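Colleague: just a sequence and a predicted model for now, questions to come.
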Amino acid sequence: MTRLTIVVPCHNEEAVLPESSKRLDALLGTLQEQDRISDGSQVVFVDDGSSDSTWLLIEELAAANPRLRGIKLSRNYGHQSALLAGLMNVEGDVVISVDADLQDDLSVIADMITSNEEGADVVYGVRSARDTDTFFKRMSATLYYKLLNRMGVDVVFNHADYRLLSRRALEALKDYSEVNLFLRGIVPTLGFKSAIVSYVRNERFAGESKYPLHKMLGLEFDGVTSFSAFPLRLIAGLGVIVFLASMGLSIWVLWTRLFTDNAIPGWASSVLPMYLLGGIQLFSIGILGEYISKVYLETKRRPRYIIEKSV
Ligand code: UDP
Ligand code: MG
């Protein structure tokens with residue numbers, strides 16, 4: 001029988017934890033009664049440097065219930081790293097990751113396990129509707145997935161981090177040592193047989209989103225620059241266009257200078273291109289810097305998380 005572990009990253013989630021843990025525990029109970037999963041199945045909460053009473057709550061839960069466990073990171077490492085810390089440090093034949101706010105419908109976990117039994121090493125939870133998201137979030141998300149696909153990054157549309165990974169897939173994931181974590185991009189590159197289960201995403205039932213706009217943009221930016229050299233190619237393309245345009249311009253300028261009398265020594269014609277080129281160069285250097293900073297961070301091989309203790 002499958003031993004299931006559910007990994008739940010938590011950052012300041014004291015408002016949702018009591019309810020979430022209850023629902024997750026009940027789910028494990030039901031699945032065990034149905035003989036779908038083994039008795040050793042667990043829920044592991046990863047406390048990602050919370051400043052509220054999240055860890056205290058986790059300790060209490062773990063003390064009262066052998067099915068619930070906790071891992072405490074030494075500080076806030078961000079959602080992706082917290083998730084990885086959980087995935088890499090739990091036992092179980094299959095591991096399912098889910099957010100603490102339970103926006104993702106738990107009832108499809110049974111379907112995920114079925115898909116796994118049918119041979120899928122990776123099962124993606126995919127949102128079938130985004131009704132509960134704001135218009136802005138919906139639009140930006142759609143645009144983002146489209147953009148990533150265009151740039152050759154293989155991401156599953158409308159899939160976040162609600163997924164099942166088999167032990168085999170987890171072992172493969174161990175060999176990915178990048179610091180700029182974008183699991184959504186990494187997991188499809190693992191290969192293996194995969195499946196999709198759809199669900200409707202609910203609203204957060206308590207507490208605030210721990211993913212403010214700047215964190216989300218940061219993750220999206222990582223997604224592009226960690227997986228795609230497209231922006232670098234864009235620079236080259238831009239360079240070619242500017243080069244061709246300036247060739248045409250030079251011919252026209254030379255023509256005016258040599259064969260006509262209307263060559264006026266004006267500053268506009270010299271200053272404007274300067275600004276233009278300056279802008280393009282700065283832009284290009286900025287993008288180069290972005291990649292170099294990635295290389296810089298990767299070469300340090302710093303730990304992606306540090307575990308303080310676990311219960
Ligand atoms: N989270 C985390 N570390 C962070 C930010 C968020 O572990 O620095 C967790 C958070 O506790 C939640 C999950 O990541 O379990 C997703 O966050 P949230 O629900 O706030 O994001 P949203 O659903 O609004 O995109
Ligand atoms: Mg959420």
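Modeller: Right, received. Where do you want to start? The shown structure was predicted, so the numbers you read here are calculated from the model rather than taken from an experiment. Ligands and ions are numbered 1, 2, ... in the order given.
Colleague: measure D99 to E208 for me?
Modeller: As judged by Cβ to Cβ, to the nearest Å, D99 and E208 stand 13 Å apart. All C-beta spots, glycine's among them, are computed from the backbone N, C-alpha and C.
Colleague: looking at those two, which is more packed in?
Modeller: D99 (22 against 10; other Cβ atoms under 10 Å).
Colleague: and the more buried one, which of the three is it?
Modeller: Here D99 is coil, with the state taken from DSSP: H, G, I helix; E, B strand; the rest coil.
Colleague: buried ones in whichever helix or strand M139 is part of?
Modeller: Here M139 sits within helix 135-150, counting by DSSP states H and E. For helix 135-150, a neighbour-count test (16 or more other Cβ atoms under 10 Å) marks 140-141, 144-145, 148 as buried.
Colleague: what of stretch 56-73?
Modeller: In stretch 56-73, counting by 16+ other Cβ under 10 Å, buried: 57-62, 67-73.
Colleague: return the member of the residues you listed nearest to ligand 1.
Modeller: Nearest to ligand 1 among the buried residues of stretch 56-73, counting by Cβ to the nearest ligand atom, is L73 at 8.7 Å.
Colleague: check contacts around the closest one.
Modeller: 46-49, 81-82, 85, 305-308 (Cβ atoms under 8 Å, 6 or more residues apart in numbering).
Colleague: most widely separated two among those?
Modeller: S81 and E308 (13.8 Å; Cβ to Cβ).
Colleague: more neighbours: which of these two?
Modeller: S81 (21 against 13).
Colleague: elements contacting the one helix or strand R184 maps to?
Modeller: Here R184 sits within helix 183-189, counting by DSSP H and E. Here helix 183-189 touches helix 79-88, strand 122-129, strand 159-166, helix 167-174, helix 213-227, going by 3 or more Cβ pairs under 8 Å, 6 or more residues apart in numbering; DSSP states H and E.
Colleague: where among those is average confidence lowest?
Modeller: Of all the helices and strands packed on helix 183-189, the minimum mean pLDDT falls on helix 213-227 (a mean of 79).
Colleague: what's the helix or strand that that helix is followed by packed up against?
Modeller: Next along the chain after helix 213-227, taking DSSP H and E as the criterion, comes helix 230-259. If you count contacts as 3+ Cβ pairs under 8 Å, 6+ apart, helix 230-259 packs onto helix 213-227, helix 268-300.
Colleague: the buried residues of stretch 56-73: which two are farthest apart?
Modeller: R67 and L73 (21.5 Å).
Colleague: how about the residues of the stretch 51-200 of the chain by ligand 1?
Modeller: 76, 78-79, 82, 99-101, 103 (Cβ under 6 Å from any ligand atom).
Colleague: so who does I235 touch?
Modeller: 284, 287-288.
Colleague: mind running it again at 7 Å?
Modeller: If you count contacts by Cβ atoms under 7 Å, 6 or more residues apart in numbering, I235 has them with 284, 287.
Colleague: hmm, stretch 206-217 in reach of ligand 1?
Modeller: Yes: contact of stretch 206-217 with ligand 1 (Cβ under 6 Å from any ligand atom) involves 209-211.
Colleague: pull out the buried members of these.
Modeller: Members of the residues of stretch 206-217 next to ligand 1 classed as buried by 16+ other Cβ under 10 Å are K210.
Colleague: ends of stretch 202-214, how far apart?
Modeller: 23 Å (Cα to Cα, to the nearest Å).
Colleague: from the chain's centroid, how far away is it?
Modeller: Offset of stretch 202-214 from its chain centre (Cα atoms, centre = their mean, to the nearest Å): 16 Å.
Colleague: so what touches it?
Modeller: Residues contacting stretch 202-214 (Cβ under 7 Å, 6+ apart): 11-13, 15-16, 19, 101-103, 105, 132.
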